[in-house]
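S.K.: predicted model follows, preceded by the sequence.
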Amino acid sequence: MKLWHFALFAALFSSVATAQAEDGTLAAIRQAGVLRIGTTGDYKPFSYKGPDGDLQGADIAMGKELAGSLGVKPDFVMTTWKTMLDDFKAGKFDMVVGGITVNPVRAAVGDFSVPNIKDGKRPIVRCADTQKYVSLEAIDQPSVRVIVNPGGTNDTFAHAHFTKAKIEVFPDNKVIFDQIAADKADVMVTDGVEVDLQAKLHPGVLCAAAVKEPFTHFENAYLLRKDPAFKSAVDNFMTKALADGDWTHKLDAAMK
């Protein structure tokens, strides 16, 4: 076989194999008997670690039930906001859960399920400052200390909108809000559901800033490996959970 014939054959074989792998995700999951679910484990109420180190949260409970509905076992694979997309592209998991914002960069490499949250970015501050940081302009001042977790949409938003404020990238999303409470940072702009939860967890200390409306509007969903059959199965599962209140019940339980 001539060299160029061999190269052409190899390229075609690789392309077909890749297409089959992508199109057969659901079949591969069922054959393996395992649904690999990527999650960061640091974003309450969606995905977080309890006192015993076990994963908890609304999306963790949903992931377990989704796996059961497919007749397989769930396998939660830890990732980070910074490495999540690269890990997904590397095939380390079949889907990602845990407060995943729908955006074009992620949509380019996977399918999104039907959304389970409609939300927007809002600032959380010390309660004494609720009337102080009510606009992007008010936050973007040289004296203001903005804090973000690395690699996610909060990081992207802060660096896109704040050129004068001091931005600290804090590595531990589980305790990042304690930095604001301890007056080591002034404000974090994050998803509204997280603002409301952290204000609830830090009563009288942390509050939502009194913004007229969220700075952005977006949806959260599950990021799935491309496969129409897999997307259909997850969408059907999520649509039912939304319709019968199961998702809301799980989210409310995780907010406590």
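M.R.: Everything's here; your move. Here the structure is a predicted model, which means the values were calculated and not measured. Numbering: from 1, shown residues only.

S.K.: got any ranges where the stretch 1-150 of the chain has weak pLDDT?
M.R.: Within the stretch 1-150 of the chain, the segments meeting pLDDT under 70 span 1-23.

S.K.: ok, which stretches of the stretch 101-250 of the chain are helices?
M.R.: Listed in chain order, the helices of the stretch 101-250 of the chain (DSSP state H, counting those that start in this stretch) span residues 104-107, 136-139, 153-161, 176-181, 192-201, 228-243, 246-254.

S.K.: other SSEs contacting the third one?
M.R.: Packed against helix 153-161 by the contact rule (3 or more C-beta pairs under 8 Å, 6 or more residues apart in numbering; DSSP states H and E) you find strand 121-126, strand 145-148, strand 166-169, strand 187-191. Using the backbone N, CA and C atoms, a C-beta is placed for each residue, glycine as well.

S.K.: ok, the residue lying closest to V205 once chain neighbours are set aside - contacts?
M.R.: For V205, the nearest residue in space outside its immediate sequence neighbours is A181; the separation is 5.0 Å by C-beta to C-beta, 6 or more residues apart in numbering. Residues counted as contacts of A181 (C-beta atoms under 8 Å, 6 or more residues apart in numbering) are R126, H202, V205, L206.

S.K.: in strands only, show me the residues you listed.
M.R.: Under the assignment DSSP state E, those contribute R126, L206 to strands.

S.K.: among the contacts of A181, which two are most distant?
M.R.: R126 and H202 (9.2 Å; C-beta to C-beta).

S.K.: more neighbours, these two?
M.R.: Set R126 next to H202 and count neighbours by other C-beta atoms under 10 Å: R126 wins out with 21 against 17.

S.K.: show me what the more buried one is bridged to.
M.R.: For R126, the beta-bridge partners under DSSP bridges are L206.

S.K.: how near is the residue nearest to I60 when sequence neighbours are not counted to V234?
M.R.: Excluding its sequence neighbours, the residue lying closest to I60 (C-beta to C-beta, 6+ apart) is S47, at 5.6 Å. With distances taken as C-beta to C-beta, to the nearest Å, S47 is found 16 Å from V234.

S.K.: who's in contact with D155?
M.R.: The neighbours of D155, taking C-beta under 8 Å, 6+ apart as the test, are W81, V148, N149, V169.

S.K.: type out the ChimeraX command that picks the buried ones from those residues.
M.R.: Command for ChimeraX, covering only those of the contacts of D155 found buried under the criterion 16 or more other C-beta atoms under 10 Å:
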select :81,148,149
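
S.K.: I29 reaches D94, doesn't it?
M.R.: Yes. With contacts counted by C-beta atoms under 8 Å, I29 reaches D94, the gap being 5.9 Å.

S.K.: over to stretch 123-133 now: how far is its first residue from its last?
M.R.: The stretch stretch 123-133 measures 7 Å between its terminal residues, going by C-alpha to C-alpha, to the nearest Å.
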